[in-house]
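Chemist: Here you go, sequence then predicted model.
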Amino acid sequence: MTDQGTLLINGNWRSLERTLDVIDPADGSVIGAVAWGSAAEAVEAADAAAKAFPAWAGMPPRDRADILLAAAELVDRRREEIGSLLAREAGKRLPEAVAEVRFSAEYLRWFAEEIRRPQGEILTPEQSGRRQLTFHRPAGVVASLTPWNFPCSIQARKLAPALVSGCTVVARVSEKAPLAATELIRTLTDAGIPPGVVNLVHGPAPEVTDALLAHPAVRIVTFTGSTEVGKKIMALAARRIVRPLLELGGDAPFIVFEDADLDAAVEGAVLAKTRNTGQSCVAANRFLVQENVYEEFTARLAARLDAMHIGNGLDDPCPDLGPVIDGQRVAAVTSLVDEALAAGARRLTAERPVPSRGSYLAPQLLCDVPDHVALAREEVFGPAAAVSRFRDEAEALDRANASEVGLAAFVYTADAGRVWRLADHLQVGIVGANDPLPSVAFAPMGGVKQSGLGREGAAAGLTEFQDVRYLAWRP
């Protein structure tokens, strides 16, 4: 795939003399390379996007939508091929990787359908002979910056609404998993998107980001990643008042009440914690369990985690857990666990070996974790978590909200009234009630507090890329 060129500017796929290898976290082998650009390529791409913007913005929405629908069909057709590539570069289990590729196609398809629905509003006049109305226009050039954990679906969640709105895009994807996202963007060019409408630049994140946000045509930056990097991007965006759309870190509580279906709660906990080997912004980060069911739930969850098979996500039969993205992630998660154990925490899961080649971690569940240690208060981004008990709903709510971030929360209970109360009072953007996988294309994705600004997905995700114009008219 990489011999076709991996850098896209103004409709031309390019190779460069300078390349960056892509590593398979399952065994450390080199599986490909991307053209490694710089600020110069970022500026050239933004210039191309600016030049392409007037014609693309002026195209009928239906025609833009038809191109995205064609791309969605190509993504579906190539889902096994792109999914296999994604599994290798990101360490995903093959079924999860293919599912992510299909989810990417769903974003392209859903927003292509959404743009055909009426937009704008005719306001009721207060004076005769006067009319007021609103309508939507594309905002301009978008810088789309995405991470390695879900490189296809997150990029699709940004590209689809931006493109159908009439914006043009310069994308940068994480160098840790760039190959599948490159192929996703290739489907857009294969589907006939005009030159310059979508561009792709691989290169050092600070250099490329700074060049894009300094470019006079860039009007929106959409970023998914850590809160700390999000703060830096927001500061850069402030220099030119570039609109920031930020989906940042999480610290999702997984709350289990005594009336919960414990079978469903345990299985939900495994899914919410270990999907993508725990490397998800909405992953369950800390377990809060009501005291009457604490012992049973923790024992059952620890047993389920101990029974999980660890290995290469392309193995047959497919393992339950693949590797994390790299050795740095292994070291980071290990450090969190070691600090908690040194502070008096107890390990509920068994210590066991993992494959010697590659970046693997065994799942770990710890109890008696002091509130001040990092495992109890920071995003883990790996298959480890702390579990603690609570007395009543009020305490659960207080502990769940005791965080500076608020992306997602999970609640397991049979009490419908409690679901409504917690949905009202949990300080998060997403609540999964008896549902460990709440994300869908037609629902908004985003958080509160330091988990970001704005929403992706759903109709709200479309308007993020549009300007609302107001017309007052005396015919």
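Modeler: Done, it's in.
Chemist: now for stretch 116-134, what's the gap between its first and last residues?
Modeler: Distance across stretch 116-134, first residue to last, is 17 Å (C-alpha to C-alpha, to the nearest Å).
Chemist: Mind listing residues that contact it?
Modeler: Identification of contacts with stretch 116-134 by C-beta atoms under 8 Å, 6 or more residues apart in numbering yields 61-62, 65, 135-136, 466, 468-475. Quick note: C-beta positions are derived from backbone N, CA and C, even for glycine.
Chemist: quick one: low-confidence parts of the stretch 101-250 of the chain?
Modeler: Residue ranges of the stretch 101-250 of the chain with pLDDT under 70: none are present.
Chemist: quick one on the thing from earlier: and the contacts of stretch 116-134, which two are furthest apart?
Modeler: Farthest-apart pair in these is Ala65 and Arg474; separation 34.7 Å (C-beta to C-beta).
Chemist: And the two? Which one has more around it.
Modeler: Between Ala65 and Arg474, counting by other C-beta atoms under 10 Å, Ala65 is the more crowded of the two (22 against 7).
Chemist: How many residues are close by Arg117?
Modeler: 9.
Chemist: Quickly find the element holding it.
Modeler: Of the helices and strands defined by DSSP states H and E, none includes Arg117.
Chemist: hmm, back to that, so which of the contacts of stretch 116-134 is the closest to Glu267?
Modeler: Closest to Glu267, out of all of the contacts of stretch 116-134 and judged by C-beta to C-beta, is Ala65, at 38.3 Å.
Chemist: Now do the contacts for the closest one.
Modeler: By C-beta under 8 Å, 6+ apart, the contact list for Ala65 reads Ala112, Glu113, Ile115, Arg116, Val164.
Chemist: centre of the chain versus the helix or strand containing it, how much separation?
Modeler: Under the criterion of DSSP H and E, Ala65 resides in helix 61-77. How far helix 61-77 lies from its chain's middle: 22 Å, per C-alpha atoms, centre = their mean, to the nearest Å.
Chemist: go on, stretch 241-259?
Modeler: Centroid separation for stretch 241-259 versus its chain: 11 Å, with C-alpha atoms, centre = their mean.
Chemist: Which residues belonging to it are considered buried?
Modeler: 242-257 (16 or more other C-beta atoms under 10 Å).
Chemist: Can you list phi and psi of Ile241 for me?
Modeler: phi 60, psi 50 (degrees, to the nearest 10).
Chemist: For Ile220, see how far away it is.
Modeler: Distance of Ile241 to Ile220, given as C-beta to C-beta, to the nearest Å: 11 Å.
Chemist: picking that back up, specify which member of the buried residues of stretch 241-259 is nearest to Val34.
Modeler: Val34 has its nearest neighbour among the buried residues of stretch 241-259 in Glu247, at 23.7 Å by C-beta to C-beta.
Chemist: check contacts around the closest one.
Modeler: Contact analysis of Glu247 by C-beta under 8 Å, 6+ apart lists Ile154, Phe223, Thr224, Cys281, Leu407, Met445, Gly446, Gly447, Ser451, Gly452, Gly454, Glu456.
Chemist: number of nearby residues for the fifth one?
Modeler: Taking other C-beta under 10 Å as the neighbour definition, Leu407 ends up with a count of 29.
Chemist: who's in contact with it?
Modeler: Counting by C-beta under 8 Å, 6+ apart, Leu407 has contacts 247-252, 281-282, 428-430, 446-447, 451-452.
Chemist: Select, from these, the two members most distant in space.
Modeler: Across the contacts of Leu407, no pair lies farther apart than Asp251 and Gly446, at 15.0 Å, counting by C-beta to C-beta.
Chemist: between the contacts of Leu407, which is nearest Thr146?
Modeler: Nearest to Thr146 among the contacts of Leu407, with distances taken as C-beta to C-beta, is Glu247, at 9.8 Å.
Chemist: Quick check: phi and psi at the closest one.
Modeler: phi -120, psi 110.
Chemist: quick one on the thing from earlier: please flag which of the contacts of Ala65 sit within helices.
Modeler: Ala112, Glu113, Val164 (DSSP state H).
Chemist: Buried ones among those residues?
Modeler: Looks like the ones in helices among the contacts of Ala65 have Ala112, Val164 buried, using 16+ other C-beta under 10 Å.
Chemist: can you redo the ones in helices among the contacts of Ala65 as a markdown table with distance to Glu295?
Modeler: Listed next are the ones in helices among the contacts of Ala65 as a markdown table, based on distance: C-beta to C-beta, whole Å:
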| residue | distance to Glu295 |
| --- | --- |
| Ala112 | 50 |
| Glu113 | 49 |
| Val164 | 51 |
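Chemist: Identify, from the ones in helices among the contacts of Ala65, the entry nearest to Gly313.
Modeler: Within the ones in helices among the contacts of Ala65, the smallest distance to Gly313 is 30.5 Å, found for Ala112 (C-beta to C-beta).
Chemist: doesn't Asp66 make contact with the closest one?
Modeler: Yes - taking C-beta atoms under 8 Å as the definition, Ala112 is a contact partner of Asp66 at 7.5 Å.
Chemist: Surely Arg88 and Asp27 touch.
Modeler: No - using C-beta under 8 Å, Arg88 is not in contact with Asp27, being 9.6 Å away.
Chemist: Chain neighbours aside, what residue packs nearest to Leu94?
Modeler: Ala87 (4.7 Å; C-beta to C-beta, 6 or more residues apart in numbering).
Chemist: more neighbours, Arg88 and Asp27?
Modeler: Higher neighbour count among Arg88 and Asp27: Arg88, with 26 against 16, using other C-beta under 10 Å.
Chemist: From Ser128, how far off is the more buried one?
Modeler: Taken as C-beta to C-beta, the span from Arg88 to Ser128 is 68 Å.
Chemist: Arg455 too?
Modeler: Distance from Arg455 to Ser128, by C-beta to C-beta: 39 Å.
Chemist: And the two? Which one has more around it.
Modeler: More neighbours surround Arg455 than the other of Arg455 and Ser128, with 20 against 5 (other C-beta under 10 Å).
Chemist: No further queries at this time; thank you.
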